[in-house]
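Engineer: what follows is a protein structure lacking sequence information:
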């Protein structure tokens, strides 16, 4: 496995770093604009996100993963870094079950106990969080977040930047629009449009997002 730098030093970065170490990456350190120390013992803070000269001066073989839980913030940092896709690593915890017929794009993370079944496609910089299930032929967009314990049946489409809360479930073939938020424990039984908040059983749109 390659050397890796964790971009971000908040709570989510702890989980990603743990998964990366378990997957065999050598963690060179954390990069963050706000933190003064690394979020886990035994590691170091090597610079700030905005210190691009410091980041780019590192060995070209070093990979990166942006470990920021907020979808818009994660996308913004990816845009600021402006690194080629090949400089990002997909981090898959060894306890996750990922079909050899599924695809996980650069910069995405698949955390402890997650399941990704055959035919599923996961875009760049997405988060498949602890214990979620993504069934056959699902499509997960760039920078989307499937929270812990969420369950997606076959053929579900999750748009770019969408966030599915803890314990969300979605029946086969539903779609969740780009940059929408589905509340914790909601049951998606019909398509959710773009840029809205949907909650409840069944999930209903309660407000639009800017």
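Structural biologist: Ah, there it is. Given the structure is predicted, the values throughout are model-derived calculations rather than measurements.

Engineer: nearest residue to the middle of the protein?
Structural biologist: When CA atoms, centre = their mean is applied to the chain, the residue found nearest the centroid is residue 127 (1.8 Å).

Engineer: give the residue spans of this structure that score low on pLDDT.
Structural biologist: Under the criterion pLDDT under 70, the flagged ranges of the chain are 52-59.

Engineer: 90 instead?
Structural biologist: Along the chain, the parts satisfying pLDDT under 90 run over 1-2, 34-35, 46-61, 80-83.

Engineer: residue contacts, residue 90?
Structural biologist: Each residue near residue 90 by CB atoms under 8 Å, 6 or more residues apart in numbering is listed here: 104, 105, 106, 107, 108, 109, 110. For the C-beta atoms, the positions are set from N, CA and C on the backbone; glycine is no exception.

Engineer: which ones among those residues lie within helices?
Structural biologist: The helices in this structure, assigned by DSSP state H, contain none of these.

Engineer: give me the nearest residue to residue 119, chain neighbours excluded.
Structural biologist: Using CB to CB, 6 or more residues apart in numbering and skipping residues adjacent in sequence, the residue nearest residue 119 is residue 137, 4.1 Å away.

Engineer: backbone dihedrals for that neighbour, please?
Structural biologist: Dihedral angles phi and psi of residue 137 (degrees, to the nearest 10) take the values phi 60, psi 20.

Engineer: surely it is in contact with residue 152?
Structural biologist: No: using CB atoms under 8 Å, residue 137 is not in contact with residue 152, being 10.3 Å away.

Engineer: which one's more surrounded, the two?
Structural biologist: The residue with more neighbours, out of residue 137 and residue 152, is residue 152; 30 against 19, by other CB atoms under 10 Å.

Engineer: so who does that one touch?
Structural biologist: 132, 133, 134, 135, 138, 146, 158, 164, 169, 170.

Engineer: still on that earlier bit, the residue nearest to the centre of the chain against residue 69, yeah?
Structural biologist: Yes: applying CB under 8 Å, one finds residue 127 in contact with residue 69, separated by 7.1 Å.

Engineer: hey, what's residue 187 bridged with?
Structural biologist: residue 169 (DSSP bridges).

Engineer: can you tell me how far it is from residue 201?
Structural biologist: Look at residue 187 and residue 201: by CB to CB, to the nearest Å, they are 4 Å apart.

Engineer: mind checking which of these two has more residues around it?
Structural biologist: Under the criterion of other CB under 10 Å, the comparison of residue 187 against residue 201 puts residue 187 first, with 16 against 11.

Engineer: please consider this matter closed, and thank you.
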